[in-house]
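Student: Sequence and computational prediction follow.
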Amino acid sequence: MKKILLSTAALAFVSSMAFADGHSVVRMGTEGAYPPYNFINDAGEIDGFERELGDELCKRAELTCEWVTNEWDSIIPNLVSSNYDTIIAGMSITDERDEVIDFTQNYTQPDPSAYLSMSADADITGGIVAAQANTIQASFIAASGATLVEFATPEETVAAVKNGEADAVLADKAFLTPIASEDADLMLLEQEEMIGGGVGMGLRESDGELKAKFDAAIASMKADGSLNALLTKWEIGGSF
């Protein structure tokens with residue numbers, strides 16, 4: 001990581017002033033590894049539900065935006081450090097995260113979390129369950145009777161099931177469903193978990209004006225039905 005020469009507070013202040021004057025590019029930070037929310041397509045470009053959503057939000061908010069990728073395990077620290085200006089990466093709104101950053105209103109309903117396994121009778125209550133580190137699913141498993149094994153990427157959690165390191169993986173159902181349909185060795189279990197408060201955009205606590213712009217854009221997409229159309233297109237959760 002490049003050395004930060006200005007304090008985080010000073011950078012955030014400068015950034016907020018630039019947004020107010022309309023002269024700055026808003027950097028949209030995503031993971032690029034969690035389809036259908038966000039992924040890198042065959043052309044090497046950021047794609048998915050959140051790419052399409054984010055582009056429309058920037059258009060409605062009359063903001064010039066560019067996209068950057070960041071690994072999940074450092075995505076909040078690098079937002080706070082002003083390496084980009086938003087997180088739009090399938091991040092569920094939680095009280096713990098809200099203590100560090102701000103969130104817009106949710107742009108998805110709470111999505112069921114599902115278990116993926118190689119056996120219909122996998123032990124998800126006392127066995128070993130994989131999850132991506134620093135996710136609501138990891139916190140859920142850690143508080144249950146199961147043994148949690150964490151991985152940096154969602155692909156690694158699925159691989160852990162396939163190679164016998166874990167009995168199952170817990171993740172967003174929207175992420176696991178296409179994996180189960182494409183791999184005959186894997187299956188979704190019947191049990192699902194409802195955790196989290198829906199997905200929203202993360203911003204620095206000092207960027208209240210930018211948050212207000214995105215909140216208004218999200219609200220307008222809810223009102224005219226275009227957000228529901230995107231949720232249906234990308235097969236994500238329930239509608240508003």
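Tutor: Nice, thanks for sending it over.
Student: and Ile93, how far is that from Phe103?
Tutor: The gap separating Ile93 from Phe103 is 5 Å, by C-beta to C-beta, to the nearest Å. The way it works is simple: take the backbone N, C-alpha and C, and place the C-beta from them, glycine included.
Student: Mind listing the shared neighbours of the two?
Tutor: Counting by C-beta atoms under 8 Å, 6 or more residues apart in numbering, the common neighbours of Ile93 and Phe103 are Gly200.
Student: so what's Asp185 up against?
Tutor: Asp185 makes contacts with 118, 162, as judged by C-beta under 8 Å, 6+ apart.
Student: any idea where the helices of this protein begin and end?
Tutor: 8-21, 49-60, 75-80, 95-98, 136-142, 154-162, 173-182, 208-224, 226-233 (DSSP state H).
Student: closest one to Ala122 among those helices?
Tutor: Proximity to Ala122 (C-beta to C-beta) singles out helix 154-162 among the helices of the chain, at 8.7 Å.
Student: in that closest one, what's buried?
Tutor: Neighbour-count burial for helix 154-162 flags 154, 156-158, 160-161 (criterion: 16 or more other C-beta atoms under 10 Å).
Student: Relative to Ile136, how far out is the nearest residue to Asp172 once chain neighbours are set aside?
Tutor: Leaving aside its sequence neighbours, Asp172 sits nearest to Asp111 (C-beta to C-beta, 6 or more residues apart in numbering; 5.2 Å). Counting by C-beta to C-beta, the gap from Asp111 to Ile136 is 10 Å.
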